[in-house]
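J.: my questions concern the predicted model and sequence given below.
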Amino acid sequence: MYEPPTPPLSRTDFFTAIAVSFVSLLGYLPFLGKTPLLDWDELIYGEAAREMFESGNFLQVYVNYSPFWEKPPLYFWLQAFFFHVFGVNEGAARLPSALFFALTLGLVFLIGAQLKGRGFGFLWAGLMGTALLPVFYSKYGIIDPVFNFFIIAALFALYRWDSVRREGKGSSWPWAAGAALAIGLAVTTKGPLALGLVFIIFAGYKVWHRKPFPHIGGLLLFVLSSALLASSWYLVETLVHGPWFIESFIRYQRRIASMDDGHPGPVYYHLLVFFVGCFPFSPFVIAGLQTKVSEALTRFKHFGLVWATVVLLIFSLVIQTKLPHYSSLLYVPGSFFAALRLESLIAKRKAPHWAELAAIALLGLLIAIPPLIFSYAGQHIAFVFQLFPALKDDPLAIAYINLPIPWPLWTYLTGGCFLLAAVLGTVLLALGRVRWGLLATGGLVLVGVNALWAAQVYRFSQYAQSIPIAMSREARNTPRAMAFYGPKTYVPPFYGQRQVHNPANEKELRRLLAQLGTEELVMIVRRVDLHWVEDVLQVRVLREEGPFLLVETSAGTPAPTSPRPAPAALSSGLAPQPLVPPAS
C-alpha cells in the first residue's frame, strides 16, 4: 500500500512549539518557590546543587559535603545555573523541572503536528499538560522531568530516523545524531538506565516493524556515538581527578540496582497511579487504543504501545521500589492514545461512553476529597483526634498537630477545583461538548494543582519543617559543629548552608563525639528524643518551639556510665564518607 511521506515541519510549527512551551511554563510558575524544599529528594538535589555552586566543583557531586554517588551531575548543573541567576532559593531549585516539562509539551506538539496536524498537536500537549500528576511534578524539584525530556527526545528522534529511512526522502542522519545526543544527556542526568530504556523500546518497535532494518555498520556507529556521549562526564572526571570518584559511583550504582530501598508496592501499582494521577485524560486511553487511524499513525500507535509496555514491565516487575514518578514516562504514550479517542469524538460530535463519563466523575470526586478533608481538619483540630484516637497518646504527633498553622477558608479552593472539574467536565462531555469539557476539566485541574502547592503542600511543610528550617538558619554562622539528632533529614544542610552531622541514635552520637574531640556542638533534637541525648552528654537548651529543641553541648562532656540501649531500628548504619579520595 502506498504511504505518502510525512510532511516536513514548517517554521510556523517550531514557533508554535516555542509558544506552547512558554504558555505552559507560565501555568507552572505560580507558587513555585512558596513551599520549602521537601525531604528527601528535593532537599538532596537542592543541597547537591548548592554545594556545587558554593565550591565551584562542577564535576563531582557532594551532598552534606560527602560524595554523592546516586546521580550524575547534569541536573545539578541546571540548578546551580539558576542559583547563579536567581540566588539560592526554592524557586530556582524547582525551575529546571517546570522548564523542561514545558519544553516536553512543545516537543509533544511538534510530533503531534507532524503526525496528524496542529490541531492534534495542541490536543495531545493540552491533555498531558493539564493532568494532575504531570502538573504536580512540573513544580516538584526532582530529576525526572529533565530526564524524561531527553528520553522522549531520543525516542522521537529514533522514530523519525526510522520513518525517513522507510520513506526514502531526505537524510536520516540528523535524526540519528539528535537521538545519540539526547541519550548522552539522559545518561548524564540520571545514569545508565537511559540507555536501557531507549534501546529496549526502540528494539521492541523494530521487532514489530522490521523494515527498513538498520544497516549493521550504521547501527554500530550509532551505538558507539551514543555510548561515547553518554560516557563523556565519566571520562572527563577520570582525567581531571583520577578514577576514584567514578569507580565509587559505578560500585554504588551496581549495589542499588539490586536492592529495594523501602518503598514496596503491588505489581499493579504504576497502572493505578497512572489511572488516578492522569485525571482527566486517563479514562479515554483504552478506547484510544482501539481507535482506527491511518497506516502511518498505526506505526506510531505500535511505537507508543511498546513504549508504555516496556516502562510498565521495567518499573512494575524489575525495579522493586514503587514511587509515583518512576513511571512518569507513561504520560506521553498515555496522553497520545487519549488524544486519538477525544479527537475522534470531537470530529463525530459524539459524547463519550457512559463508562468514561463515570470514570471522570468518580476520579474527580476521589481526588477532591483528601484536600477538602485536610482543610477541614486544619480548621478543626479536634476532628483529627476523633478520626485517629491513637494520636492522643503520641506526644510527638500532638506537638506537630498543635503548631499554630492557619488554615483560611481559601484553602478549600484545591478540593473545590477538583470537585468542579468532575461535575462540570462530566456534564459538558455528556452533552457532547467535548472541547468545552476538556477546557473546563484541564483548566480547573491546573488551577487546583497550583492551589494544592499554595495551600496543602505549603502547610504540611510548615508542620514538618518550619521549625528545623528556622533553627538551622539560626545556627548557620555559629563556630560550633552542628548536628541533627534523630531521623535522616537534609533540611539542616540546605537551610544551614553548612555540614550537619545526623546521628540516629546514642551509638552514632558517641561516635560523632569521639570524632569531634573537644569541639563544641550545637544540635537540633526532637523533644521526644532529648532523653536519649541526655544519656550521652549534658546539654543546655537555647531555644524550644513545638516538637523541637535547639541545644548546645560540649563535645568533651563525659557520658553517663549506664546509658539505656537505643532502638536498633533507628540506626542508619551508614559510616561517614571521605571528603577526599582514599590514599593509594
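T.: Here it is on my side, so go on. This is a predicted model, so every value here is computed, not measured. Residues are numbered from 1 along each chain as shown.
J.: when you work out contacts or count neighbours from here on, use the C-alpha atoms and nothing else.
T.: Noted.
J.: which residues of the chain fall in strands?
T.: For the chain, applying DSSP state E gives strands covering 62-63, 66-67, 481-485, 520-526, 539-545, 548-554.
J.: need these in TSV (columns: mean neighbour count and mean pLDDT).
T.: Conversion of the strands of the chain to TSV gives the following (neighbours: other Cα atoms under 10 Å; pLDDT from 0 to 100):
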stretch	mean neighbour count	mean pLDDT
strand 62-63	22	94
strand 66-67	18	90
strand 481-485	23	95
strand 520-526	22	94
strand 539-545	14	93
strand 548-554	21	89
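J.: which residues are in contact with stretch 410-418?
T.: Under the contact criterion Cα atoms under 8 Å, 6 or more residues apart in numbering, stretch 410-418 has outside partners 364-365, 367-372, 375, 444-445, 447-449, 451-452, 455-456.
J.: redo that, cut-off 7 Å
T.: Residues from elsewhere that reach stretch 410-418 (Cα atoms under 7 Å, 6 or more residues apart in numbering): 364, 367-369, 371-372, 375, 444-445, 448-449, 451-452, 455.
J.: what about that stretch, distance to the chain center?
T.: Once both centres are worked out by Cα atoms, centre = their mean, to the nearest Å, stretch 410-418 turns out to sit 24 Å from its chain's centre.
J.: same deal with stretch 37-54?
T.: Distance of stretch 37-54 from its chain centroid, counting by Cα atoms, centre = their mean, is 13 Å.
J.: model confidence over it, on average?
T.: What stretch 37-54 shows for mean pLDDT is 95.
J.: would you list the buried entries among the contacts of stretch 410-418?
T.: Buried members of these, counted by 16 or more other Cα atoms under 10 Å: 364, 367-368, 371-372, 375, 444-445, 448-449, 451-452, 455.
J.: if we can go back for a sec, which of the contacts of stretch 410-418 lies closest to Val146?
T.: Within those, proximity to Val146 (Cα to Cα) peaks at Val449, which comes in at 19.9 Å.
J.: Thr291: neighbouring residues, count only.
T.: Residues lying near Thr291 (other Cα atoms under 10 Å) number 17.
J.: from Leu133, how far off is the nearest residue to it once chain neighbours are set aside?
T.: The spatially closest residue to Thr291, leaving aside those adjacent along the chain, is Arg341, at 6.2 Å (Cα to Cα, 6 or more residues apart in numbering). Taking Cα to Cα, to the nearest Å as the measure, Arg341 and Leu133 are separated by 21 Å.
J.: can you check Ala504 too?
T.: From Ala504 over to Leu133 the distance is 33 Å, taken as Cα to Cα.
J.: same question, Leu366
T.: 14 Å.
J.: tell me which of these two has more neighbours.
T.: Set side by side, Leu366 and Leu133 give different neighbour counts by other Cα under 10 Å, the larger being at Leu133 (22 against 15).
J.: what sits against the more buried one?
T.: Taking Cα under 7 Å, 6+ apart as the definition, contacts of Leu133 comprise Gly277, Cys278.
J.: ok, the nearest residue to Arg459 once chain neighbours are set aside - how many residues close by?
T.: Using Cα to Cα, 6+ apart and skipping residues adjacent in sequence, the residue nearest Arg459 is Ile405, 7.0 Å away. Under the neighbour criterion other Cα under 10 Å, Ile405 is assigned a count of 14.
J.: and Ile405, what are its phi and psi?
T.: Backbone torsions of Ile405, given as degrees, to the nearest 10, read phi -100, psi 120.
J.: against Lys392, how distant is it?
T.: 19 Å.
J.: repeat for Tyr268
T.: Counting by Cα to Cα, the gap from Tyr268 to Lys392 is 35 Å.
J.: likewise for Trp208?
T.: Shown here: Trp208 relative to Lys392, a distance of 60 Å by Cα to Cα.
J.: re earlier: now for the residue nearest to Thr291, how many residues are close by?
T.: Other residues near Arg341 number 22, with proximity taken as other Cα under 10 Å.
J.: does it touch Pro283 like I think?
T.: No. Counting by Cα atoms under 7 Å, Arg341 stays clear of Pro283, with 10.1 Å between them.
J.: shared neighbours of the two, which are they?
T.: Residues touching both Arg341 and Pro283 do not exist when contact is defined as Cα under 7 Å, 6+ apart.
J.: and the residue nearest to Thr414 when sequence neighbours are not counted, what does it touch?
T.: For Thr414, ignoring the flanking residues on the chain, the nearest one in space by Cα to Cα, 6+ apart is Gly448 at 4.7 Å. Shown here is Gly448, whose contacts under the criterion Cα under 7 Å, 6+ apart are Thr414, Cys417, Phe418.
J.: how close does the residue nearest to Arg459 sit to Pro468?
T.: Applying Cα to Cα, the value for Ile405 to Pro468 is 15 Å.
J.: ok, now Leu78?
T.: Using Cα to Cα, we find Leu78 at a distance of 27 Å from Pro468.
J.: and these two? Which one has more around it.
T.: With neighbours defined as other Cα under 10 Å, Leu78 and Pro468 compare such that Pro468 has more, 25 against 18.
J.: residues contacting Val88?
T.: Contacts for Val88 (Cα under 7 Å, 6+ apart) come out as Arg50.
J.: distance of it relative to Phe81?
T.: With distances taken as Cα to Cα, Val88 is found 10 Å from Phe81.
J.: related to what we said a few turns ago, Throw the strands of the chain into JSON lines and include distance to Gly56, thanks.
T.: Output for the strands of the chain, formatted as JSON lines (distance: least, Cα to Cα, whole Å):
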{"stretch": "strand 62-63", "distance to Gly56": "11"}
{"stretch": "strand 66-67", "distance to Gly56": "15"}
{"stretch": "strand 481-485", "distance to Gly56": "23"}
{"stretch": "strand 520-526", "distance to Gly56": "28"}
{"stretch": "strand 539-545", "distance to Gly56": "35"}
{"stretch": "strand 548-554", "distance to Gly56": "32"}
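J.: and of those, who's closest to Gly432?
T.: strand 62-63 (53.7 Å).
J.: returning to that earlier point: and the residue nearest to Arg459, how close does it get to Phe120?
T.: On the measure of Cα to Cα, Ile405 and Phe120 end up 45 Å apart.
J.: can you check Met482 too?
T.: Shown here: Met482 relative to Phe120, a distance of 56 Å by Cα to Cα.
J.: cool, Tyr62 as well?
T.: On the measure of Cα to Cα, Tyr62 and Phe120 end up 44 Å apart.
J.: and for Phe68?
T.: When distances are taken as Cα to Cα, Phe68 and Phe120 turn out to be 43 Å apart.
J.: do the same with Ser97
T.: With distances taken as Cα to Cα, Ser97 is found 25 Å from Phe120.
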